[in-house]
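1. Predicted model and sequence follow; I will ask about them next.
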Amino acid sequence: MRTLLRTMVTGAVALTTVLACGTARATPAGPGVTARLLAERTVGNTDYVLREITVPPGQATGWHYHDGPLYGFVKQGTLSHFDSTCASDGIYRAGSTIQEPAGAGNVHIGRNLGDTPLVLDVLYVLPHGAPFSEDAPDPGCPFQ
């Protein structure tokens, strides 16, 4: 599965051009967190969107969830991933893949606790017209 996901994401990046730029959506995203739209396609009622997310050292995505599954590949740095109980549910280093399930029951935050930028290639599989992420309140963790 990891090889398939890595091939899928890396291949999509290699075959596409940058279409637009924007800020990653989350509550509250740390300063300097950005996203580049690499490709998008709608098939039926599903949007497939490939983005490159960059999280500077010491920053985070903010608390959020997705309306569809998300598949990611860590290109650079280390992603520290936490769920809404404030527990770490994974540490993903360069070359690793991550899958995030859909739904409001899967609130999470991605943090860059390292000293180099975290760069992720992310494939969103969303209901047509859904936002990249849905903002979620801080569940009261001792970190943002």
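-> Done, it's in.
2. Which positions are bridged to residue 88 in the beta structure?
-> residue 82 (DSSP bridges).
3. Please apply the same query to residue 64.
-> Applying DSSP bridges, one finds that residue 64 bridges with residue 108, residue 135.
4. okay, now it: neighbour count?
-> 22 (other Cβ atoms under 10 Å). Any C-beta I mention is one placed from the backbone N, CA and C, and that applies to glycine too.
5. can I assume it is in contact with residue 104?
-> No: here residue 64 does not reach residue 104: they are 10.2 Å apart, not a contact under Cβ atoms under 8 Å.
6. what is in contact with these two at once?
-> 134, 136 (Cβ atoms under 8 Å, 6 or more residues apart in numbering).
7. How much space separates the residue positioned nearest the centre of the chain from residue 87?
-> Most central in the chain under Cα atoms, centre = their mean is residue 122, positioned 5.4 Å from the mean C-alpha point. Using Cβ to Cβ, to the nearest Å, residue 122 is found at 22 Å from residue 87.
8. Skipping adjacent residues, who's closest to the residue lying farthest from the centre of the chain in space?
-> For the chain, the largest distance from the centre (Cα atoms, centre = their mean) belongs to residue 44, which lies 23.3 Å off. The shortest distance from residue 44 to any non-neighbouring residue, by Cβ to Cβ, 6 or more residues apart in numbering, is to residue 128 (7.8 Å).
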